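Colleague: Take this sequence and fold it.
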Amino acid sequence: MRRYIYAFIAFLVFAAGMFALPSMAGSGMPAPASSTVKVILSNGHGSAVHIGNGAFLTSTHVIEGKNTVSLKTSSGKTLGAKVLWSNKAYEVAMLSANGSGIAASNLTCREAEVGELIRAVGNPIELEFVSAWGRISGARQEIGPLKAAYVSDLTTVMGMSGGPVFDISGDIIGINAAVQLASIEGSTTLTGFGFVVPSKDICALLGRAA
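Modeller: Below you'll find the model as predicted:
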């Protein structure tokens, strides 16, 4: 009998082979936004997104135990960032850095619909600023330790933690936070379902922090 568990996406760097990347042609979605950055730590990396005025959203487990981190932009620029706050129940955190010259993406506060097309941008394993396309597979719900999350069929692997998930208009509909693992015959395998913290809940958290 299969035993399913929910685990946060590991953000440590692992060796990996080549990956086939999807083409943007015919996707009907905007090109990858340069608002996505790479979060660099001494023991690994994750992803984050600039929402304007030097504010960057990421996942709590990416920056857990840290007061400062380094950010790398898609143009190769590196800058320092401070951890402003984090919320473990919703698995979201905010960083502050000099956002000058870094594009910002709009955080929508609407509810995503099951079946709608989405695109995640992040830094999977040793790759940087890679996009994955998919759809919202399950409505907003409480999943494991996550207070609220959408189920998605996005390809979600190590290093994409904290990265943005965009809707077809290019607005941030959520943040990549966790992935479903399956324990099968003594080994653990990614099943392909990712969990996205809804932007609607992030908007509420931002309101409280204001």
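
Colleague: My guess is V179 contacts G194. True?
Modeller: Yes - using C-beta atoms under 8 Å, V179 makes contact with G194 at a distance of 5.2 Å. No exception for glycine: its C-beta is placed from N, CA and C like everyone else's.

Colleague: Neighbour count for these two, which is higher?
Modeller: Taking neighbours as other C-beta atoms under 10 Å, V179 and G194 compare with G194 leading, 28 against 24.

Colleague: Just the buried positions in the biggest helix by length in the chain, please.
Modeller: Taking DSSP state H as the criterion, the chain has its longest helix at helix 199-209. By neighbour count on 16 or more other C-beta atoms under 10 Å, the buried set for helix 199-209 is S199, K200, D201, I202, L205, L206.

Colleague: got it, and stretch 73-88?
Modeller: T73, S74, L79, A81, V83, S86, N87.

Colleague: cool, and stretch 36-45?
Modeller: T36, V37, K38, V39, I40, L41, G44, H45.

Colleague: With pLDDT, secondary structure and distance to P164 as extra columns, can I get those residues in JSON lines?
Modeller: Listed next are those as JSON lines, based on pLDDT from 0 to 100; DSSP: H, G, I helix; E, B strand; the rest coil; distance: C-beta to C-beta, whole Å:
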{"residue": "T36", "pLDDT": "96", "secondary structure": "strand", "distance to P164": "6"}
{"residue": "V37", "pLDDT": "96", "secondary structure": "strand", "distance to P164": "10"}
{"residue": "K38", "pLDDT": "96", "secondary structure": "strand", "distance to P164": "13"}
{"residue": "V39", "pLDDT": "96", "secondary structure": "strand", "distance to P164": "12"}
{"residue": "I40", "pLDDT": "94", "secondary structure": "strand", "distance to P164": "17"}
{"residue": "L41", "pLDDT": "91", "secondary structure": "strand", "distance to P164": "19"}
{"residue": "G44", "pLDDT": "89", "secondary structure": "strand", "distance to P164": "19"}
{"residue": "H45", "pLDDT": "93", "secondary structure": "strand", "distance to P164": "16"}
